[in-house]
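Chemist: Starting from these lines, generate the structure:
(one chain, ligands or ions: 1)
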Amino acid sequence: MNPKQLVGEKATEHIKEGMIVGLGTGSTAYFAIMKIGEMVKNGLNIKGVPTSKATEELALSLNIPLLNISEVKKIDVTIDGADEYDSHKNLIKGGGGALLREKIIASITRFYVIIADKAKGCDILGDFAVPVEITPFAKEITINQLKALGCEPKFREKDGKLFITDNQNYITDCKFKEIKNPKELEAKMNAIPGVVENGLFVGMANLIISEDGEGGILQI
Ligand code: 5RP
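Modeler: As a prediction, this is how the structure comes out:
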């Protein structure tokens, strides 16, 4: 089985009847959502909360009942992907540009399950540039303030234009050498006025499920 499918389907074992389920974004979360669609088709009664417009479309195409975020106070389980993770289950997310909605949904989730390749595991975060969602207004000032934290920020582009998030903001990918204190860096980036949110998810994940490279499952 495709490793992404393997971990995606494994994560759905945490979903039970009547739950509110956060639906992640990306190519790994895709397989979890496909499986949830199948479970719903077979009679499971759950309600989903999508982390992006793309996921919302996918979930609707599978007839997964969805809640509007304004109706939601707590989410039982969220299943989402990640771009990098360490042994403390700290994450870099936002490779797909959905980090703001993903983090809001993670923040009200009781059990946050991450599904990701073993190759994304590391000792110290920082190989992957941290995606930071910033306001279009005064983007140059924000970039300079991010640079002062010791990174090389690069505007994300799509089809030759600046990438625009579901929230009508920009993403700048910030490459640091090593992120020794992700909690501190997360707070410093968010203290910049033009930063809406950043892709460091510290102390949020409860479980990381990855494939061991030989068709088995690793869980931390
Ligand atoms: C989107 C994300 C994704 O979960 C992350 O980029 C991993 O994606 P994939 O499973 O396709 O590698 O954070 O904003």
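
Chemist: From now on I want contacts and neighbour counts done on CA atoms only, so please keep to that.
Modeler: OK.

Chemist: tell me the average confidence for stretch 163-179?
Modeler: For stretch 163-179, the mean per-residue pLDDT is 97.

Chemist: For beta bridges, what are the partners of the residue nearest to V130 when sequence neighbours are not counted?
Modeler: Excluding the flanking residues, the one nearest V130 by C-alpha to C-alpha, 6 or more residues apart in numbering is C174, at 4.9 Å. Beta-bridge pairing of C174, defined through DSSP bridges, involves V130, P153.

Chemist: Get me the contact residues on the chain for the ligand.
Modeler: Residues of the chain found near the ligand (C-alpha under 6 Å from any ligand atom) are 25-29, 80-83, 93-99.

Chemist: low-confidence ranges in the chain?
Modeler: For the chain, no stretch is flagged by pLDDT under 70.

Chemist: now I179: how far from A129?
Modeler: According to C-alpha to C-alpha, to the nearest Å, I179 stands 10 Å off from A129.

Chemist: which one of those two has more residues nearby?
Modeler: Legend: neighbour count by other C-alpha atoms under 10 Å for I179 and A129, higher for A129 (24 against 17).

Chemist: Now the more buried one. Nearest residue, chain neighbours left out?
Modeler: A129 sits nearest to K175 (C-alpha to C-alpha, 6+ apart), 4.1 Å away.

Chemist: Contact partners for that neighbour?
Modeler: K175 makes contact with G126, D127, F128, A129, V130, C151, E152, P153, according to C-alpha atoms under 8 Å, 6 or more residues apart in numbering.
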